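[1] Sequence below, structure please.
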Amino acid sequence: MNEDTLVVNEKDGVYGVVDGATSLSDYRDDCGRTGGYIAAHLLASHLQNVPEDTSLTDVVMRANKELRQKMAEAGVDVADKTQLWSAAFAVFRVGDTYVEYVQAGDCMLFAKYRDGTYRQITIDQVAHADRLALQKRREAIARGIREPEKIREYVYPTIRENRTKANTPEGYAVMNGEIDLR
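    Reported below is the predicted structural model:
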């Protein structure tokens, strides 16, 4: 299932991407949707109507609060970060004299200037966590582990530890229903 979605709101000048992240649980709703799918599409729906006097940050925080409510209603243990439904995102709004943006996780924004040059606007907040998981994967292969399921089993503790760092100074920002999202 593709957990990602585009945001195209021409009326309000809001555009972006939302990258749903599969939780470490096997949660599926009645329609078979994963928590990452639900999180991504919930944020995207909130971004379809953004009044000019409302910041993108406020929209994200409202969606984040609603996501927490939906998880609680579905019986998700919201105290366990590995169970949380989550989404990374990069969203911007173009006004007459400004560009506003919000970003979390590993979704990136780049600006292209009239002279054809590009500028990286955001940073990949998950890169350091990804490096640890990739290092463990290489370690598994070096130890002779070849089956994808066995490699995943070897890397899983690192992935789990990375998830516990969501929305902490040691980790990365992600919309997952936590009030610590910044």
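[2] Can you give me the buried ones in the strand or helix carrying residue 69?
    Secondary structure assignment for residue 69, by DSSP states H and E: helix 56-73. Neighbour-count burial for helix 56-73 flags 56, 59-61, 63-64, 67-68, 70-71 (criterion: 16 or more other C-beta atoms under 10 Å). (Each C-beta comes from the backbone N, C-alpha and C, glycine too.)
[3] again, but for stretch 147-167
    In stretch 147-167, counting by 16+ other C-beta under 10 Å, buried: 151, 154-155, 158-159, 162-163, 165-167.
[4] Which ones among those map onto helices?
    Using DSSP state H, 151, 154-155, 158-159, 162-163 are the members of these that sit in helices.
[5] What residue in this protein is the furthest from its centre?
    residue 144 (32.5 Å; C-alpha atoms, centre = their mean).
[6] Next, give phi and psi for that residue.
    phi 90, psi 10 (degrees, to the nearest 10).
[7] Distance-wise, check it relative to residue 136.
    15 Å (C-beta to C-beta, to the nearest Å).
[8] cool, residue 107 as well?
    Applying C-beta to C-beta to residue 107 and residue 136 gives a distance of 24 Å.
[9] So between those two, which is more surrounded?
    Each of residue 107 and residue 136 has its neighbours counted (other C-beta atoms under 10 Å); residue 107 has more, 20 against 17.
[10] Can you give me the distance of the more buried one to residue 23?
    18 Å.
[11] One more: residue 85?
    6 Å.
[12] Also residue 11?
    Residue 11 is 33 Å from residue 23, by C-beta to C-beta.
[13] can you check residue 36 too?
    Taken as C-beta to C-beta, the span from residue 36 to residue 23 is 7 Å.
[14] again with residue 114
    With C-beta to C-beta as the criterion, residue 114 and residue 23 are 42 Å apart.
[15] So these two - more neighbours on which side?
    residue 23 (23 against 5).
[16] any idea how far residue 16 is from the closest residue to the more buried one other than its chain neighbours?
    Distance criterion C-beta to C-beta, 6 or more residues apart in numbering; nearest residue to residue 23, sequence neighbours excluded, is residue 35 at 4.5 Å. From residue 35 across to residue 16, the span is 20 Å (C-beta to C-beta).
[17] do residue 145 as well
    With C-beta to C-beta as the criterion, residue 145 and residue 16 are 38 Å apart.
[18] Residue 23: what's it in contact with?
    34-36, 82-86 (C-beta atoms under 8 Å, 6 or more residues apart in numbering).
[19] No further questions, thank you.
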